[in-house]
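> Have a look at this prediction, sequence included:
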Number of protein chains: 2
Amino acid sequence: MTTDSEPGRRERNKQLKQARIFQAARELFDRRGYAAATTQEIADLADVASGTLFRYATTKAELLLMVYNEEYRAAIERGIHAAADESGAERRLRALLGPLLTASRTNSENTAVYQREVLFGDPDEQYRAAGLELSRQLQESIAAILLDDDPRVPPTTGSEVAARAISDILHLEIARSGLGRDSSEDLLGLVFAQIDLVVIGFRATLSATLSAT
Amino acid sequence: MTTDSEPGRRERNKQLKQARIFQAARELFDRRGYAAATTQEIADLADVASGTLFRYATTKAELLLMVYNEEYRAAIERGIHAAADESGAERRLRALLGPLLTASRTNSENTAVYQREVLFGDPDEQYRAAGLELSRQLQESIAAILLDDDPRVPPTTGSEVAARAISDILHLEIARSGLGRDSSEDLLGLVFAQIDLVVIGFRATLSATLSAT
DNA sequence: GCAAATAACGGAGTACACTCATTAATGAGC
DNA sequence: GCTCATTAATGAGTGTACTCCGTTATTTGC
């Protein structure tokens, strides 16, 4: 009886293993990149059998999502806080997305794979679902900023449409920058040039709708 | 001497094999879907050894791109023609993209894999390069429509930025619809709602730029 | 404490995309 | 037509993600 309601040895062991696997995956993906790191190596480093590894993550891709969800969750949270201190949709969006875009520039290969897997993998797998939830949250924050922007706000005026467009642009441009296409490599400029268009379009649409009633 | 400049037996045999492989890949991808079709089956149906298959397409994904590039090339061509008969950016874009979006609704799994592979695979592989070229062409057509739209046209006014945003939206929304997310399933409506925002944003930006000078 | 039930582990086994050393076919020079 | 160089075809082999089921550890009921 160390302290109160014990989780039981079994549960504790599971959590320890989970932690070891997380660390091992992070380490090897960072050091050698997603493709080069084998699940066997990760299992070895985590000191579990390969079969065990797959009880904690159903797929190699799930391991990557497990690791990077944490990075991105943190980046998005920072962005949400930063956005709260700004005003004007453009400035707030820059504050919101800045941390995420910065985080996306480290370890380009893994960034691209992350996007690929979140977008295209089985959405029922645990960590992929978590990644999608992050994306959904971000999209909501974007929609909120768009609505806030205009004081004449009648809620639900297609802000979700604009937010979705922005989210799509984000996902793909981050992926492309990770893949090393785009000679220029000015991810920030490229992304915001596109986003601003959507924002302006949203505003114009909103004005038109309002003056029509 | 059947007729003029013979291609030689070797070349003819290669083309025959290429054709058999194309057919076999098409057939099996259509019948069983990308994931379920094995390269061995395709090789068998094409009546070549598995090793030979990979001399004609370096990758299983390349086989898919090989097949579907043709579908999409045709759809885009139809779209370009249809757009020529319309006026107004919104109408022309609907005409341009309609055939592509319609084609994307058959065989959803393969559609999603196609998008995944064009976007994320090695751009130096033969058929992927061809797929990217198609996407680039479509993007150009979009940019051209945007510029044409406004008679006060000073060329190169960020129409590429808008076209790129639209292209990103297209790629992702087509992919998502192939993946069967989005309960609604109104691909056309979803896509054009987003595209129209970008178009309006582009116009507004253009007007602002023009009146500033 | 012991037995039975349940959950987690392990690691050999499987499936499948892709490779590579060997063999066969083709065409050029004579 | 024969020889030789070049190119293509072959299929057994390889690497790796993932599975499966017998074994082991933990918990529960008595």
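Ah, there it is. Numbers count the residues shown, from 1 in each chain, chains lettered A, B, ... in the order given.
> So which residues on chain A come close to chain B?
Selection of chain A residues close to chain B by Cβ under 8 Å from any Cβ of the partner chain yields A:112, A:116, A:119-120, A:123, A:158, A:161-162, A:164-165, A:168-169, A:171-173, A:175-176, A:179, A:181, A:193-194, A:196-205. Placement of C-beta: from N, CA and C, glycine included.
> which of these are buried?
Using 16 or more other Cβ atoms under 10 Å in any protein chain shown as the burial test, these include A:112, A:116, A:119-120, A:158, A:161-162, A:164-165, A:168-169, A:171-173, A:175-176, A:179, A:193-194, A:196-205 as buried.
> Among the residues you listed, name the ones in helices.
A:112, A:116, A:119-120, A:161-162, A:164-165, A:168-169, A:171-173, A:175-176, A:179, A:193-194, A:196-205 (DSSP state H).
> quick one: the residue in chain A that DNA strand D sits nearest to from A:Thr52, how far?
Across chain A, the shortest distance to DNA strand D (Cβ to the nearest atom of the strand) belongs to A:Gly8, at 3.0 Å. Here A:Gly8 is placed at a distance of 19 Å from A:Thr52 (Cβ to Cβ, to the nearest Å).
> out of those two, which sits in the more crowded spot?
More crowded of A:Gly8 and A:Thr52, by other Cβ atoms under 10 Å in any protein chain shown: A:Thr52, with 13 against 9.
> In terms of helices and strands, where is that one?
helix A:50-56 (DSSP states H and E).
> Report the closest residue of chain A relative to DNA strand C.
Chain A approaches DNA strand C most closely through A:Gly51 (1.6 Å), counting by Cβ to the nearest atom of the strand.
> Now do the domain split for chain A, please.
If you go by automatic domain parsing, the domain ranges for chain A are A:1-56, A:61-212.
> What mean pLDDT does the longest one get?
Right, domain A:61-212. Averaged across domain A:61-212, pLDDT comes to 93.
> anything in that domain near DNA strand C?
No. Using Cβ under 7 Å from any atom of the strand, we find that domain A:61-212 stays clear of DNA strand C, coming within 14.3 Å at best.
> quick one: terminal-to-terminal distance for that domain?
In domain A:61-212, first residue to last residue: 49 Å (Cα to Cα, to the nearest Å).
> Figure out the helix or strand that A:Ala95 lives in.
Assigned by DSSP H and E, A:Ala95 belongs to helix A:89-103.
> Reduced to three states, what does A:Glu86 come out as?
When classified by DSSP: H, G, I helix; E, B strand; the rest coil, A:Glu86 comes out as coil.
> Surely it is in contact with A:Leu97?
No. In this structure A:Glu86 lies outside contact range of A:Leu97 using Cβ atoms under 8 Å: 11.8 Å.
> And these two? Which one has more around it.
A:Leu97 (26 against 15).
> Which residue comes closest to that one once chain neighbours are left out?
Nearest non-adjacent residue to A:Leu97, counting by Cβ to Cβ, 6 or more residues apart in numbering or on different chains: A:Gly79, 6.1 Å away.
> my guess is that neighbour meets A:Ala103, correct?
No. Contact criterion Cβ under 8 Å: A:Gly79 and A:Ala103 do not qualify, at 9.6 Å.
> Would you mind telling me which of the two has more residues around it?
Between A:Gly79 and A:Ala103, counted using other Cβ under 10 Å, A:Gly79 has the larger neighbour count: 24 against 19.
> where does that one land in three-state SS?
What three-state DSSP gives for A:Gly79 is helix.
> what sits against it?
Residues near A:Gly79 by Cβ atoms under 8 Å, 6 or more residues apart in numbering or on different chains: A:95-100, A:138, A:141.
> Now with 10 Å, please.
By Cβ atoms under 10 Å, 6 or more residues apart in numbering or on different chains, the contact list for A:Gly79 reads A:92-103, A:138, A:141.
> repeat for A:Leu172
With contact set as Cβ under 10 Å, 6+ apart, A:Leu172 has these partners: A:115, A:119, A:191, A:194, B:119, B:164-165, B:167-169, B:171-172, B:175.
> what about A:Ala49, how many neighbours?
For A:Ala49, the count of nearby residues is 12 (other Cβ under 10 Å).
> tell me which parts of chain A are close to DNA strand D?
Contact residues, chain A versus DNA strand D (Cβ under 7 Å from any atom of the strand): A:8-11, A:13, A:37-40, A:50-51, A:54, A:58-61.
> so what's the residue nearest the centre of chain A closest to, chain neighbours aside?
Chain A has A:Tyr72 as the residue nearest its centroid, 4.8 Å off, counting by Cα atoms, centre = their mean. Of all residues not flanking A:Tyr72 in the chain, A:Leu134 sits nearest, at 5.8 Å (Cβ to Cβ, 6+ apart).
> That neighbour against A:Ser167, yeah?
No. Using Cβ atoms under 10 Å, A:Leu134 makes no contact with A:Ser167, being 11.0 Å away.
> The contacts of A:Gly79, buried ones only, as a PyMOL selection?
The PyMOL selection below is limited to those of the contacts of A:Gly79 classed as buried (16+ other Cβ under 10 Å):
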select buried, chain A and resi 92+93+94+95+96+97+98+99+100+101+103+138+141
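> which one among the contacts of A:Gly79 gets closest to chain B?
Closest approach between the contacts of A:Gly79 and chain B, by Cβ to the nearest Cβ: A:Leu93, at 13.6 Å.
> Quick one: residues contacting A:Asp30.
With contacts defined as Cβ under 10 Å, 6+ apart, the neighbours of A:Asp30 are A:37, A:67, A:106-107, A:110.
> Turn those residues into JSON lines, including secondary structure.
Shown next, in JSON lines, are the contacts of A:Asp30 (three-state DSSP):
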{"residue": "A:Ala37", "secondary structure": "coil"}
{"residue": "A:Val67", "secondary structure": "helix"}
{"residue": "A:Thr106", "secondary structure": "coil"}
{"residue": "A:Asn107", "secondary structure": "coil"}
{"residue": "A:Asn110", "secondary structure": "helix"}
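> Now the two most distant members of these.
A:Ala37 and A:Thr106 (16.4 Å; Cβ to Cβ).
> of the two, who's got more company?
Applying other Cβ under 10 Å to A:Ala37 and A:Thr106 shows that A:Ala37 carries more neighbours, namely 22 against 10.
> Quick check: nearest residue in space to that one, chain neighbours excluded?
A:Leu28 (4.1 Å).
> What are the buried residues along the helix or strand encompassing that neighbour?
According to DSSP H and E, A:Leu28 maps onto helix A:9-32. For helix A:9-32, the neighbour count (16+ other Cβ under 10 Å) marks A:17, A:20-22, A:24-29 as buried.
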